[in-house]
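Peer 1: structural data only, the sequence is not supplied:
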């Protein structure tokens, strides 16, 4: 292995990386998950009626309805930012709407690759690829909203890179 000095002008800037978008169904999965959460919370607020506190109940329901609308609007914008990029030496994932976060894991640091589904993703036939690396602070990277074939291809590629590193 070599350790040559690199010229910053020769490195591809993060802004020029072409990120692959997540499947459009993933936005639907997020909307369903958020909606179910708020429905449960709104149902729990109805217990305030048992305490003869109708104004607290109405206030809580209005606050939750406003929070739901804001949350759903943020999900739409955040979906447009989320994406992943497979490069020669690493994998990169971008997420976040207000504070964009870009995480890059070199293939040499990957320890485990897993494909998972949650109940809502299962209905939409979407998968999450979980990548566990050797760092303590960022112990895993999850790439959600992938069709089965894409998830399996990414897992296969990363597993192959793992085997090459170990040989």
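Peer 2: That came in fine, so what should we check first? Small disclaimer: the values here were computed from a predicted structure and weren't measured. Numbers count the residues shown, from 1 in each chain.
Peer 1: okay, CA-based contacts and neighbour counts for the rest of this
Peer 2: Fine.
Peer 1: packing partners of the longest helix seen in the chain?
Peer 2: Criterion DSSP state H: the longest helix present in the chain is helix 54-81. When contacts are defined as 3 or more Cα pairs under 8 Å, 6 or more residues apart in numbering; DSSP states H and E, helix 54-81 sits against helix 25-45, strand 90-95.
Peer 1: if we use 10 Å, what do you get?
Peer 2: With contacts taken as 3 or more Cα pairs under 10 Å, 6 or more residues apart in numbering; DSSP states H and E, helix 54-81 sits against strand 20-21, helix 25-45, strand 90-95.
Peer 1: now the first one: mean pLDDT?
Peer 2: Per-residue pLDDT over strand 20-21 has a mean of 92.
Peer 1: next, count neighbours for the residue nearest to residue 124 when sequence neighbours are not counted.
Peer 2: Residue nearest to residue 124 in three dimensions, not counting chain neighbours: residue 25, with 6.6 Å by Cα to Cα, 6 or more residues apart in numbering. Neighbours of residue 25 under the rule other Cα atoms under 10 Å: 16.
Peer 1: how does this structure divide into domains?
Peer 2: 25-78, 84-166 (automatic domain parsing).
Peer 1: so which of the ones you listed gets nearest residue 13?
Peer 2: domain 84-166 (12.3 Å; Cα to Cα).
Peer 1: just give me how far the closest one sits from the chain centre.
Peer 2: 10 Å (Cα atoms, centre = their mean, to the nearest Å).
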